[in-house]
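Asker: Give the three-dimensional model of this entry:
(one chain, ligands or ions: 1)
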Amino acid sequence: MSKTKIAIFASGTGSNAKAIIEHSFQANYEVDLIISNKKNAGVLNFSEEFDIDAMVIDKETFYEDDILIHFLQQRDIKYLILAGFLWQIPSYLIQAFPERILNIHPALLPKYGGKGMYGSNVHQAVFDAKEKESGLTIHLVNEEYDKGEILFQTKIEVLATDTPKNIASKILKLEHKHYPQIIEKYIAENSGVLL
Ligand code: GAR
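Answerer: Residues are numbered from 1 along each chain as shown. Next up, the predicted model:
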């Protein structure tokens, strides 16, 4: 059976992208394209390493054009996977891929979500609020930032000795474990294919 094509959108290091790519070799999906808004993003190295096409997109094309939709559809890409992508997804893209855009957030939404809440800002806020727990959320993307349907959450305990940095690394490890599996499961459930 042919694999479902996905595109990964990432702005930074791309460690989640790497985990998703590595899992793809034994999964029901194939990473067809990596899209970044930053030309020096670490994630682009994985394009070379795994021989996957990559593209750097500028703000104008992303927000004012629907060229991107045609491009994605031409490649038969079915799901858009956000993995540390920092631009808000425009409505035209959400409408073209309804319930087909997934995001990972490094906290227990609805807490610590919304604009400006990404990466280390999230962990610093959790630390400052002296939360006893944090975690990760995988959710569908809709037009409200970080408010789409939650597909999966898991928690970690935040210890009195934890710093924002090690909260981040505990959560990132869990992201790598769960995100590829949730993507696979979601695609399977939505394509009528059993795992
Ligand atoms: C991840 O922790 C991801 O959850 C977070 O950015 C990091 C990207 O790391 N995403 C957000 O904060 C979205 N609001 P990576 O580039 O190593 O995958």
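Asker: how about low-confidence regions in the chain?
Answerer: Applying pLDDT under 70 to the chain flags residues 192-195.
Asker: Which parts of the chain are strands?
Answerer: 4-9, 29-36, 53-56, 77-82, 101-105, 133-140, 150-157 (DSSP state E).
Asker: Those: which one's closest to the ligand?
Answerer: strand 101-105 (4.5 Å; C-beta to the nearest ligand atom). Where you see a C-beta, it was placed from the backbone N, CA and C, and this is true even at glycine.
Asker: is the ligand contacted by the closest one?
Answerer: Yes - for a cut-off given as C-beta under 6 Å from any ligand atom, strand 101-105 has contacts with the ligand, namely Ile104, His105.
Asker: hang on, the earlier thing: would you list the strands of the chain in a markdown table and tack on mean neighbour count?
Answerer: Below are these laid out as a markdown table (neighbours: other C-beta atoms under 10 Å):
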| stretch | mean neighbour count |
| --- | --- |
| strand 4-9 | 23 |
| strand 29-36 | 22 |
| strand 53-56 | 14 |
| strand 77-82 | 23 |
| strand 101-105 | 23 |
| strand 133-140 | 21 |
| strand 150-157 | 14 |
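Asker: can you list those in a markdown table and add distance to Gly116?
Answerer: Listed next are these as a markdown table, based on distance: least, C-beta to C-beta, whole Å:
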| stretch | distance to Gly116 |
| --- | --- |
| strand 4-9 | 18 |
| strand 29-36 | 20 |
| strand 53-56 | 23 |
| strand 77-82 | 16 |
| strand 101-105 | 13 |
| strand 133-140 | 17 |
| strand 150-157 | 20 |
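Asker: check whether stretch 46-66 contacts the ligand.
Answerer: No - Stretch 46-66 stays clear of the ligand (C-beta under 6 Å from any ligand atom), getting no nearer than 10.3 Å.
Asker: Could you list the buried residues of that stretch?
Answerer: Phe46, Ser47, Ile52, Ala54, Ile57, Phe62 (16 or more other C-beta atoms under 10 Å).
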